[in-house]
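Trainee: sequence first, then the predicted structure, then my questions.
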Number of protein chains: 2
Amino acid sequence: MPRNTEETRFSQQRDRVLRAAAHCFNRKGYSGTSLKDVATMLGLTDPALYYYVRNKEELVYLCYVRAADIGRDAMQQAVADGRTGLEQVRLYLRYHIESMVGEQGPIAIMSEIPSLKQEHREKVLKLSRKHSSGFEAMLDRGIADGSIAPCNVRMTGNAIMGSINWIPKWYHGDEAMAASIVAEFPDILSRGLVARDA
Amino acid sequence: MPRNTEETRFSQQRDRVLRAAAHCFNRKGYSGTSLKDVATMLGLTDPALYYYVRNKEELVYLCYVRAADIGRDAMQQAVADGRTGLEQVRLYLRYHIESMVGEQGPIAIMSEIPSLKQEHREKVLKLSRKHSSGFEAMLDRGIADGSIAPCNVRMTGNAIMGSINWIPKWYHGDEAMAASIVAEFPDILSRGLVARDA
DNA sequence: AAAAAGTTTTAATCTATATTAAAATAATGC
DNA sequence: GCATTATTTTAATATAGATTAAAACTTTTT
């Protein structure tokens, strides 16, 4: 019991740290936000953060891993829930976007991977590539099953993922806006994919 | 003659500075890139940059203004050249993307506007909003003339612009890739807009 | 070819902020 | 209530990198 509760409390607190950091990083960039910025946001002083992360670089790294995990979860769920490739894409968009603008709080944009130290950079790039491949696989599936019109999956993936990645740049917690994004984006981003002949 | 040639040489050099800076900023962010990084890229030492810009903040500001100008030019040209709203959108996408991956060298992503000092921030935000409105106006025009299916222009604009803004994050000068982007993106991004009934 | 203007460099300063160390406070188990 | 562990703070250190100043080239002008 002790081990367990302590661990959850610790990791809960750490998650708060990561969310606060994501919020700052999304607005002012990695080096643009000081640890003090993040700490202040949580009502702490900067050195307190070192209780949760080894250093600033690791803080970013963990934010990115968290972002990747959330994206992966959305995709897995979508693949499980959707029948056709098109359905899967639509569900993925919905799930992922719901996470981004919802409860899970701000999710870090992976915009400064180059600033990570080699080991971390490679791990994040790996996750990132995996996510891209996963998305392209959904597109291929849709093309194969006839729900998606043939297209350059690589470029289509880049286009759609870019649009999603950019959301945290202009969305900053406005509730009404969140609803609007969830309601509109999946459709806007997938409308161009559907096979005409069906 | 003297004034003129000197001025062009100066502004040409300054443009090289801005392009080098944009390249660095796009990869490692504002505070993540040192003036030394930028200078080294041009075969200079850091203090030399102060001959072209007042300080680092102004360097970013000028990069952003340059980016805005290029986007504006693309849009103006598109509005001049296209008949229907849909045509204008397509041309704009093509022109803007051609600029981004072409001659004009890397164009800065406006991802750290919050780091600018108030005066500059306001100016850039103004340009940015103007650009967004311009895009939404093209969409409205298309909906009015029947070339574009009715949609939430605000969100559709956010979606498409986000996709474009993200390009410099993954495109880093590969020629073949550039051709592919120019060939595919305009179509990928506008396919979802076209009115079905036509 | 001397003077002036334009451009870049070397050397010196200055500050913000990441990080560490040690101490203090709060919480928990016994 | 005491001892241990967890969490945060205050105080001190260290350094990178922006900025400034003054000097050295370089190019242009006359």
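Mentor: Looks like it arrived, so ask away.
Trainee: near chain B, which residues of chain A are found?
Mentor: Applying C-beta under 8 Å from any C-beta of the partner chain, we find that chain A lies next to chain B at A:27-32, A:111-112, A:114-115, A:151-152, A:154-156, A:158-167, A:169-170, A:180-181, A:184-185, A:188-193. C-betas here are computed from N, CA, C, even on glycine.
Trainee: can you tell me which of those residues are in helices?
Mentor: Secondary structure of those is defined by DSSP state H; positions in helices are A:27-28, A:154-156, A:158-167, A:169-170, A:180-181, A:184-185, A:188-191.
Trainee: pull out the buried residues from the residues you listed.
Mentor: For these, a neighbour count by 16 or more other C-beta atoms under 10 Å in any protein chain shown gives the buried set as A:27-28, A:155-156, A:158-167, A:169, A:180-181, A:184-185, A:188-191.
Trainee: number of residues surrounding A:Ile97?
Mentor: Neighbouring residues of A:Ile97 were enumerated by other C-beta atoms under 10 Å in any protein chain shown; the total is 22.
Trainee: just the endpoints, please. Distance across stretch A:36-55?
Mentor: 13 Å (C-alpha to C-alpha, to the nearest Å).
Trainee: could you do stretch A:166-179 as well?
Mentor: Counting by C-alpha to C-alpha: the opening and closing residues of stretch A:166-179 are 17 Å apart.
Trainee: surely A:Leu42 meets A:Leu18?
Mentor: No - between A:Leu42 and A:Leu18 no contact is recorded; they are 10.8 Å apart, counting by C-beta atoms under 8 Å.
Trainee: which one of these two is surrounded by more residues?
Mentor: Relative neighbour count places A:Leu18 above the other of A:Leu42 and A:Leu18, with 26 against 15, counting by other C-beta under 10 Å.
Trainee: buried stuff in the helix or strand containing that one?
Mentor: Taking DSSP states H and E as the criterion, A:Leu18 maps to helix A:2-28. Applying a neighbour-count criterion of 16+ other C-beta under 10 Å, the buried positions in helix A:2-28 are A:14, A:17-28.
Trainee: give the contact list for the most centrally placed residue in chain A.
Mentor: A centroid search over chain A (C-alpha atoms, centre = their mean) returns A:Ala67, at 3.9 Å, as the residue closest to the centre. If a contact means C-beta atoms under 8 Å, 6 or more residues apart in numbering or on different chains, then A:Ala67 has A:Ala22, A:Ile107, A:Ala108, A:Ile109, A:Met110 as its contacts.
Trainee: tell me who's in contact with A:Ser38.
Mentor: I think there's a mix-up here, since residue A:38 is Val and not Ser. Residues in contact with A:Val38 (C-beta under 8 Å, 6+ apart) are A:Val17, A:Ala20, A:Ala21, A:Cys24, A:Asp46, A:Leu49, A:Leu59.
Trainee: same question, A:Ala20
Mentor: A:Ala20 is in contact with A:Val38, A:Met41, A:Leu42, counting by C-beta under 8 Å, 6+ apart.
Trainee: many thanks, have a good one.
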